[in-house]
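Enquirer: Predicted coordinates and the sequence they were generated for:
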Amino acid sequence: MLEDQSEERACLYALGLLPEVDAQAFEAEAAGNERLRQVVAELTESLANLTLSTTSMRLPAEELRGDLLARIAAEPARVTTDRDGLLETINPAFTEMCGYRIEELRGRKPGHLLQGPDSDPAAIATLRAAIYSGTACEVELVNYHKDGSPYRVHILLEPVRDDRGILVGFRAIERKIAN
């Protein structure tokens with residue numbers, strides 16, 4: 001069983017109520033704690049189900065779907081990886097953007113599935129160098145949807161460090177760029 005304080009922070013994190021600096025510290029703590037990641041995933045799913053059930057009481061199904069898709073489209077795609085760049089978590093906006101589900105990506109390097117013939121080698125090298133050195137970077141490149149069609153994306157990659165400053169992973173925020 002998790003400590004009460006960890007459970008409370010997990011709840012606040014799932015609700016999006018932790019200040020950014022606390023959210024970053026929590027992500028670093030959760031990166032090394034499978035049980036804590038599981039609690040957050042369960043809370044997030046419960047909150048999503050609660051939102052769907054209460055919203056569906058007020059809206060017809062088509063309006064609900066449109067509203068949820070609009071909220072997902074407005075939210076940036078988010079990815080977290082371990083310190084070697086192996087994917088750990090994604091948000092619904094990421095799935096909506098590229099078509100891949102977490103089960104298809106977890107434990108893999110996102111670029112292995114998302115990059116292709118038109119992906120800029122210099123941008124890929126910048127991402128790899130940032131992961132290798134544990135630093136932040138910002139790039140634009142062509143990625144590929146699960147169906148093989150290309151799209152342009154802006155990626156902001158940031159290292160995630162624990163309380164001692166040790167690199168535990170990376171967080172990426174991605175936004176699709178209009179052609």
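Expert: Now that the structure is in, tell me what you want to look at. Numbers count the residues shown, from 1 in each chain.
Enquirer: hang on, residue 30 is in a helix, isn't it?
Expert: Yes: assignment of residue 30 by DSSP: H, G, I helix; E, B strand; the rest coil places it within a helix.
Enquirer: Distance of the residue lying closest to it once chain neighbours are set aside relative to residue 28?
Expert: Nearest residue to residue 30, sequence neighbours excluded (CB to CB, 6 or more residues apart in numbering): residue 36, at 4.5 Å. Every residue, glycine included, has its C-beta placed from N, CA and C. Per CB to CB, to the nearest Å, residue 36 is found 11 Å from residue 28.
Enquirer: ditto for residue 119
Expert: Relative to residue 28, and taking CB to CB, residue 119 is found at 29 Å.
Enquirer: List the contacts of stretch 126-137.
Expert: Residues outside stretch 126-137 that contact it (CB atoms under 8 Å, 6 or more residues apart in numbering): 83, 84, 85, 111, 139, 155, 156, 157, 158, 159, 167, 170.
Enquirer: Going toward the C-terminus from the worst-scoring helix or strand of the chain on mean pLDDT, what's the next helix or strand?
Expert: Least confident helix or strand of the chain, by mean pLDDT, DSSP states H and E, is helix 61-74 with a mean of 51. The helix or strand immediately downstream of helix 61-74 is strand 77-82, counting by DSSP states H and E.
Enquirer: what is the rounded mean pLDDT of that following strand?
Expert: Averaging pLDDT along strand 77-82 yields 92.
Enquirer: Give me the helices and strands touching the strand or helix carrying residue 93, please.
Expert: According to DSSP H and E, residue 93 maps onto helix 92-98. Other helices and strands packing on helix 92-98, by 3 or more CB pairs under 8 Å, 6 or more residues apart in numbering; DSSP states H and E, are helix 61-74, strand 77-82, strand 150-161, strand 167-177.
Enquirer: For the helix or strand that that helix is followed by, buried residues please.
Expert: For helix 92-98, the following helix or strand on the C-terminal side (DSSP H and E) is helix 102-105. Across helix 102-105, burial judged by 16 or more other CB atoms under 10 Å covers residue 105.
Enquirer: list the helices and strands helix 102-105 packs on?
Expert: strand 87-90.
Enquirer: follow-up on the earlier one: could you give the number of residues near the residue nearest to residue 30?
Expert: By other CB atoms under 10 Å, 19 other residues sit near residue 36.
Enquirer: Would you check that it makes contact with residue 27?
Expert: No: using CB atoms under 8 Å, residue 36 is not in contact with residue 27; the gap is 10.1 Å.
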